[in-house]
Structure formats: C-alpha cells, structure tokens
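>>> give me a 3D structure for the following:
(2 chains)
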Number of protein chains: 2
Amino acid sequence: MDRFENKKAKQVLLFTDTQGSPLKNRKIRADQISSEFLFGCGAFDTLEIVKPKSEESKAFFEDRMGKFLQLFNYGTLPFYLGRYEPVEGQPMQEETIAAAKWLNARGVTVKGHPLCWHTACADWLMDYPNEVILEKQLQRIRRDVRAFRGIIDKWDVINEVVIMPEFDKCDNAITRICKQYGRFGLVRRVFEAAKEENPGAELLINDFNTTNAYEILVEGLLDMGVPISTIGIQSHQHQGYWGLEKLHTVLDRFSQFGLPIHFTENTLISGHLMPPEIVDLNDYRIPEWPSTPEFEERQAREVCEMYTELFAHPLVRAITTWDLTDGKWLGAPSGVMTKENEPKPVFHAPRNLTHGDWETHTELVTDDQGAAVLYGFKGTYSLKAEEGSAEISLLASSDLPGRIVLQ
Amino acid sequence: MDRFENKKAKQVLLFTDTQGSPLKNRKIRADQISSEFLFGCGAFDTLEIVKPKSEESKAFFEDRMGKFLQLFNYGTLPFYLGRYEPVEGQPMQEETIAAAKWLNARGVTVKGHPLCWHTACADWLMDYPNEVILEKQLQRIRRDVRAFRGIIDKWDVINEVVIMPEFDKCDNAITRICKQYGRFGLVRRVFEAAKEENPGAELLINDFNTTNAYEILVEGLLDMGVPISTIGIQSHQHQGYWGLEKLHTVLDRFSQFGLPIHFTENTLISGHLMPPEIVDLNDYRIPEWPSTPEFEERQAREVCEMYTELFAHPLVRAITTWDLTDGKWLGAPSGVMTKENEPKPVFHAPRNLTHGDWETHTELVTDDQGAAVLYGFKGTYSLKAEEGSAEISLLASSDLPGRIVLQ
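Numbering: from 1, shown residues only, chains lettered A, B, ... in the order given. Sure thing, here's the model as predicted:
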C-alpha cells in the first residue's frame, strides 16, 4: 500500500493541439512544479529585504530567503501585537504587506501569526479596562484580516489558549480578558471577528499543549460552532524528538474532528538537548548553544522521519519549521541554515523528500484517442511535448477527462 | 480570622413565651442538632437492610448503618445501570426507594450515583445502535429522576467524561455514544434530561481527572448553558495523600466558576500505598490489603487535615468518604470501620471535628427586650429554656430579628 496515496490524484487528460486535433501516441513530459502540501518555515526575515537596514544587509537576507525558496512554499509572517503595533495606532502594515507580496510573488503562501496571544502582546493595551481591551483586540483582528485579504488568507487566530487564563509569567492584557470572558468566550469572539472579514480564510487555533485539555477545548469550540478551519499543533522538541509513538498519539487525538491539521511550529535541534526538568522552554537561556556535526545528522534524520509520518497522514496539510536559521528562538541550533546562511544537513535531507520522492516527474504516452492518465502528487504540473506545453493543477482525482491544449 | 466563618451564620432572635411576652434576661440553651454541610459516605449497605438476606444479616447491617448515622448526614446510593437494571425493564426501583426513604427518615440526604457512566454499564444496551442507546440512556435518566423526586434530589448525572470517549478497557454502550455525540453533546443531553424531570435538583458532573482538561470541559459546558449545579471531584488517594499543595491547586482550579464543589469520592487508606506506577487504580488487585495500627493513625490524621481544608473553603459544600468499611472498592483498607463494623481511629478523630469543633453548643442570654444573638455553624438548632423549647434553622445571616416562641 502506498502511504502517500492520500496526497496524490489521478486524472485522465485528453491532449490536443491548438487546432483541436488529438495528439495520438505521443510522449508527454509531466513535471510537478509546485506542491499542494505546504512545506513551511518562519519567513520573518523577508521584512529585512523589503525594509532593509543597508544594501549589504539586504543582499545577505536575499541570499537567505533565496535558500528558503529552494525548500519551502509556505511562510509564516509575524503579527505579535507588541511588535506589529508597538505604539497604538502605528501598525507595521506597509512593510508587512510588502513582505507578504514578496513571498506571494515567489510562489509562497503566507500565514499570519498570531492575531491574539498573551505573550509578546502590546503593553499599551494594559492601560484600558477589560471591555476596551477586548474591543481593541477584535478591532485589530478586523483591521489586519481585512488589510491582508488576498495576500494572507491563512491566520493563526489565537495562540496557546489552554494556558492563557493561567499564564502568570507577566501581567498582560490578553490573560486579563481570557480570565474575564473565559477561554470559550474569547476564542469564539476572535474567530467570529476574523471570519467576518475574510469568510474564505483558513483560520487556525494553535497550541503547544497536545494533551486531552487541548482536545476538549477544540471539541467544545466546534460543538459551539466556532469557525475553526484547521487545528494547529506546535511541536518544539528542544528536549528531544517526540518519536513515532507520541506522534501517533497526537495525530490520533486531533484527527477525530476530521479537520485539517497543520504542524505549525516544528523544532528539532542540532545541539545538546534542553534538560527535561525545564517546564517552560523560555526559562532555558544559555550564552551559546552550539550545533555539532553529530547532532546535525540526528536533526536531519529526525526531521525526515517526522515529515514522512506527517506527510503520510491524510489530515495533515502543512508542516512549518519554526526557525529558518540557528540562533533564533532561545538561541537554539534549530535552523535549516547557520546564522551565516550555510545550509546544514537538515537543509538537504528533507529536500530529497519534498523535492525528490514526493514530487512527480514522469513521461505520459497518449493512446490513439490522445488520452493519457496523470497520477501523481497533488500540485501544479507543466506538461510538454513537441507540439507545445501547458500548465495544470492536479488537486483531486476525477473520472471526467480533462482537455489539455498544448500550445 | 476564623477560617470557618463562611460556614457560620448570625441571627438576632427575639424570644417570647406562648402568650407573646418577651423572655427577658433568660438563659437559653442552643444546641446544634444538624449541619447544613454534608458529611457523606457510601450508603450502599442500606439495601441490605431494606431487602435483607436473612434476619442475622439484617441485624449486622443495621448495626453498621447505625454507626454510619453517628458520623454522616449524607449518603450515596448506587444507580450503576448494569447493577440497577441488569435485565432491561427490571430496575431495582422498589428496594432503592426503600433504602433512600430509610436514610431520609434518619436525617440523611441522599445522592444517586451515577446516571450515566461507561463503567458498570448494562451489557444489554450494547445490542442497540447508537441512536437507540442514547435514547434509552436519556429515558433511564428521566424515569429515575422522576421516580425519586423528593426522595433523591441530588444526582451525579454523568461520571468521568474526560476519559469517556477514550476509555478502552472494555467495549461499552456509553463510550460508543460519547464518541458519536462528543463529550459536550452527550453531557448536554443527559443534564437537560435530568433538569427537565427535576428542575430543583442539585445536578453534579463528577470526575477523577483534576487537571485543566476537566476544568476546560466544565468551562465549555457552562459556557453552553448546560445546567450543572455543582462540580464533583473524586479524590481516591490509594497512592498517597494529595497533601495541601495539590489540594489548594485543585480547589483554586475549580472554584473559578463560583459553583458549589462536592468532594464526591474521597479515599484515604490505612494500609500500604498502591505503587505509583499504577495508572488505572482498578489494575491493582491483591488478595489481601491489610489495615495496620500505624497506617490507621496516618489515615485519621490525613482525613482530619483534608476535611479541615475542605470545610474551610467557601465553595465546598460536601465531602463524601467513598467506602464505609474496609475491603470494599479494590479490597482496600479504606473504610471508617472494619469489615466487622469495628470503628477505626478514622471513625473517631474526624467525628471530634464534625460533631465537635464544627458544631455549635452554647448558652444565649437574652437582653431586657428578650433578644439574643445566635452565631454558629449553619444547620438546625434546638433552643431550650425553662419556659419551653423550639427548633430553628440557621442557614444565613440576617439583620431582621427572628421571633422564637418557646413552648
């Protein structure tokens, strides 16, 4: 049995020339040029290109994002309120739109992260009473979802709700309103605001908690009709690779709802592991967290195993590597490149899957009606013969023959 | 500060004789005769009195329940469908009504446990398709809540919902419908059925899970308007006493809703502890689980400490010891008596609290208007002077003087 069948489609194609004559008994080259499955990564550094600090810096980040494009078709851009709008009324809208467009123009689908979260929230929100905080939070969602419609149609609407009302690392506006309106009351409101502004958007709930607490939260929200499109699962594995058993437990737990699943924040590191006694990963701060050759091999191996399991699961539609380069979150050696943009083993090994085994490149031979069957991974294809070429999207199997004019 | 102030009330009483003349400057004896707080225990053995196996057996259980009455004013009766209605259409209604009435007549409030649970469920239910299972489950709730109205007005409506759809120890009808209708869908339906038949009843949800998974479940249910009156918390401590830290964490977690809390199933044992690696307590079966003098002292000490914390908490309204005698659930030494009805240290020590420190016995002296203030633990009181006596309920503080005629 083909574990990846759920990621493939089959379509009968009827090839003609521009005159409408069937192209009988011809060889047609079929090459997949993009994947429907989203292989993603943090794309924050795009902002350094569209609003560069210097020409030199711009070139450095263009090199970095050029390598991003060799691996990924999906990028996460930051919308943390405290950074996106450090002063009330002055959002970083212009450069963020430019960054999203830069990515879109290069075939990269963009997700905004996150519209509501207790961490990295704006301090100025705390000056208001709770009812005003809630209203400003909802206004912010409406404003940003509207402004980016057509450029960003995927959003992590709310982040880490399981811990949100209990979060006690620092006073913040979102924990305050989560306590007041409750988890369900807050999530319902933020999703409704996002849905109203962009009914066709893919709206995610996202959490690092993968226990039945998150499961029950999602179950209740769906039962109430909250318009969650997709379940986001974080998998920061600074304390060690989950392994297949945990991965299957988590997939089983969250696939019961029949909704698409995104692995939104995946980290596997190429250095020593964070000690197991650390509860909040943010508590582990060390001056230097080196990447070593031995652990770089481990990172590549674990990423390949994990990606393979996830790609095989019918509900998993996206995997996002959190850090593009080493030294980002927590200073961990968590990137696919070094800080100097040097590709690590984990740059190459999964690429042999995503742009190798999991990409279809084949030759079709039409019959004497000009028909041939294309069976391959979902995505877009270029089809070429001597008579000309065409591009098609293969996204679902169909019994109806599709007519392709090569020109 | 008095930790137990929330369990007390203050009322000005105006004493008169039967002619209406104020009883001035008199000494009035005030003795609390019952407590509003519910000190409970499993009262399953009442069934052995109302439907005795023999005269000898009846006398034995009368002796046992006589001792129950010295300690408890609240009793749990069993409604496990598999035992209550082992053959479809033949519920043990008659003897269970008789048992409840036996307890009521002796001042004991009764709770029925449970109306819906995956364990000890009826096998015959599994012969039906899921829609029929659900309908029969709801009919059972309506039938029993209706039949016992006025005799049993407190119900554990549903038990252990957090694990319910994942429960895989044995196939059963309730896990099947919980999977199909979801936790929220099932809980909403069973509570609505119970509420419909007895709108004034105290309806509990009950769980051994005390993590944020149960918290989020309750939060979502309340957000949906499910008519939960009271949060039930199990505390089977066969693997060791929780201690004050865990107790406070659990109380903090579940008091956020402002609903009453019942500790519904409390176990502290007078034997060696169950090994910590056991996950499902039911998996630990040993031929003999002895009670020892040393551990009996520990049991009494832990029960006193725990009861004191719970009694002091303003939202805790009931504590139920699960096993009346040793050798019941799991064969554990978990009772307040031995199998032979001999009181253990844990019989006496908490009694010095519940019928000692936490009971008000005092002498009032009326002023020259015939008024005196009764301040004491909530419950009913007998008031006696030379002129006669009266009984009153002291359940809430009031500034309005209450008129008491001694006769």
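
>>> what packs against the lowest-mean-pLDDT helix or strand in chain A?
Every helix and strand of chain A was ranked by mean pLDDT, DSSP states H and E. The lowest is strand A:398-405, at a mean of 87. Here strand A:398-405 touches strand A:8-16, strand A:388-394, going by 3 or more C-beta pairs under 8 Å, 6 or more residues apart in numbering or on different chains; DSSP states H and E. Glycine gets a C-beta too; all of them are placed from N, C-alpha and C.

>>> distance to B:Met92 added to the ones you listed, as a markdown table?
Output for the helices and strands packed on strand A:398-405, formatted as a markdown table (distance: least, C-beta to C-beta, whole Å):
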| stretch | distance to B:Met92 |
| --- | --- |
| strand A:8-16 | 58 |
| strand A:388-394 | 64 |
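
>>> got the ones you listed as TSV, with distance to A:Ser382 and mean neighbour count columns?
Below are those laid out as TSV (distance: least, C-beta to C-beta, whole Å; neighbours: other C-beta atoms under 10 Å in any protein chain shown):
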stretch	distance to A:Ser382	mean neighbour count
strand A:8-16	13	18
strand A:388-394	5	16
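
>>> closest one to A:Leu217 among those strands?
strand A:8-16 (33.4 Å; C-beta to C-beta).

>>> strand partners of the helix or strand just after the closest one, parallel vs antiparallel please.
Remark: after strand A:8-16, the chain's next helix or strand is strand A:27-35, criterion DSSP states H and E. Strand pairing for strand A:27-35, determined by DSSP bridges: strand A:361-365 (antiparallel), strand A:379-385 (antiparallel).

>>> ok, the closest residue to A:Leu406 other than its chain neighbours - contacts?
Closest residue to A:Leu406 apart from its sequence neighbours, by C-beta to C-beta, 6 or more residues apart in numbering or on different chains: A:Gly388 at 3.8 Å. By C-beta atoms under 8 Å, 6 or more residues apart in numbering or on different chains, the contact list for A:Gly388 reads A:17-18, A:405-407.

>>> which non-adjacent residue is nearest the residue of the stretch 51-200 of chain A found nearest chain B?
Nearest to chain B, among the residues of the stretch 51-200 of chain A, is A:Phe184, at 4.1 Å (C-beta to the nearest C-beta). Closest residue to A:Phe184 apart from its sequence neighbours, by C-beta to C-beta, 6+ apart: B:Asp223 at 4.1 Å.

>>> identify the residues contacting that neighbour.
A:182, A:184-185, A:220, A:224.

>>> and the residue of the stretch 151-300 of chain A found nearest chain B, what helix or strand is that in?
As assessed by C-beta to the nearest C-beta, chain B sits closest to A:Gly220 within the stretch 151-300 of chain A, at 3.1 Å. Secondary structure assigned from DSSP H and E places A:Gly220 in helix A:212-223.

>>> now swap in A:Ile319 and tell me
strand A:316-321.

>>> re earlier: how near is the residue nearest to A:Phe184 to B:Tyr181?
For B:Asp223, the distance to B:Tyr181 (C-beta to C-beta, to the nearest Å) stands at 18 Å.

>>> again with A:Ile163
28 Å.

>>> who has more neighbours out of those two?
A:Ile163 (21 against 18; other C-beta atoms under 10 Å in any protein chain shown).

>>> which strand residues bridge the residue nearest to A:Thr320 when sequence neighbours are not counted?
If the residues on either side of it in the chain are set aside, A:Thr320 comes closest to A:Gly40, at 3.5 Å by C-beta to C-beta, 6+ apart. Per DSSP bridges, residues listed as beta-bridge partners of A:Gly40: A:Tyr74, A:Thr320.

>>> surely A:Gly40 and A:Phe72 touch.
Yes. Taking C-beta atoms under 8 Å as the definition, A:Gly40 is a contact partner of A:Phe72 at 5.7 Å.

>>> shared neighbours of those two, which are they?
What both A:Gly40 and A:Phe72 touch, as defined by C-beta under 8 Å, 6+ apart, is the set A:Thr321.

>>> hang on, the earlier thing: please identify the deepest-packed of the strands paired with strand A:27-35.
Neighbour counts (mean count of other C-beta atoms under 10 Å in any protein chain shown) averaged over each of those peak at strand A:379-385, with a mean of 19.

>>> so A:Gly89 lies in a strand, does it not?
No. Assessed with DSSP: H, G, I helix; E, B strand; the rest coil, A:Gly89 is coil; it does not lie in a strand.

>>> quick revisit: would you check the contacts of A:Gly388 and say which has the weakest pLDDT?
Least confident by pLDDT among those: that is A:Gln407, with 89.

>>> tell me the contacts of it?
Contacts of A:Gln407 (C-beta under 8 Å, 6+ apart): A:17-18, A:387-390.

>>> chain neighbours aside, what residue packs nearest to A:Ile57?
Actually, residue A:57 is Ser. It isn't Ile. Per C-beta to C-beta, 6+ apart, closest to A:Ser57 is A:Glu48, 6.4 Å.

>>> contacts only, for that neighbour.
Here A:Glu48 is in contact with A:57-58, A:61 (C-beta under 8 Å, 6+ apart).

>>> check A:Glu309 too.
A:244, A:247-248, A:251.

>>> may I have the beta-bridge partners of A:Glu363?
Going by DSSP bridges, A:Glu363 forms beta bridges with A:Arg29.

>>> wait, doesn't it sit right on A:Asp31?
No. Judged on C-beta under 8 Å, A:Glu363 makes no contact with A:Asp31 at a distance of 9.8 Å.

>>> out of the contacts of A:Gln407, who's nearest A:Thr325?
A:Ser389 (37.0 Å).

>>> now that closest one: how far from A:His355?
21 Å.

>>> and A:Ile49, by the same measure?
Counting by C-beta to C-beta - A:Ile49 and A:His355 are separated by 23 Å.

>>> look at the two and report which has more neighbours.
Counted by other C-beta under 10 Å, A:Ile49 and A:His355 do not tie: A:Ile49 has more neighbours, with 20 against 14.

>>> near chain B, which residues of the stretch 101-250 of chain A?
A:162, A:166, A:182-185, A:211-213, A:215-217, A:219-221, A:223-224 (C-beta under 8 Å from any C-beta of the partner chain).

>>> may I have the strand holding A:Ile319 as CSV, with CA atoms only?
Extracted C-alpha coordinates of strand A:316-321, given in CSV (Å, rounded to 0.1, in the frame of the first residue of the first chain):
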residue,chain,number,x,y,z
VAL,A,316,-2.0,16.8,7.8
ARG,A,317,-1.8,19.6,5.2
ALA,A,318,1.2,21.6,6.3
ILE,A,319,4.4,21.3,8.3
THR,A,320,6.2,24.5,9.3
THR,A,321,9.8,24.5,10.6
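
>>> so which elements touch that strand?
Using 3+ C-beta pairs under 8 Å, 6+ apart: strand A:316-321 touches strand A:38-42, strand A:74-78, strand A:261-267, helix A:293-312.
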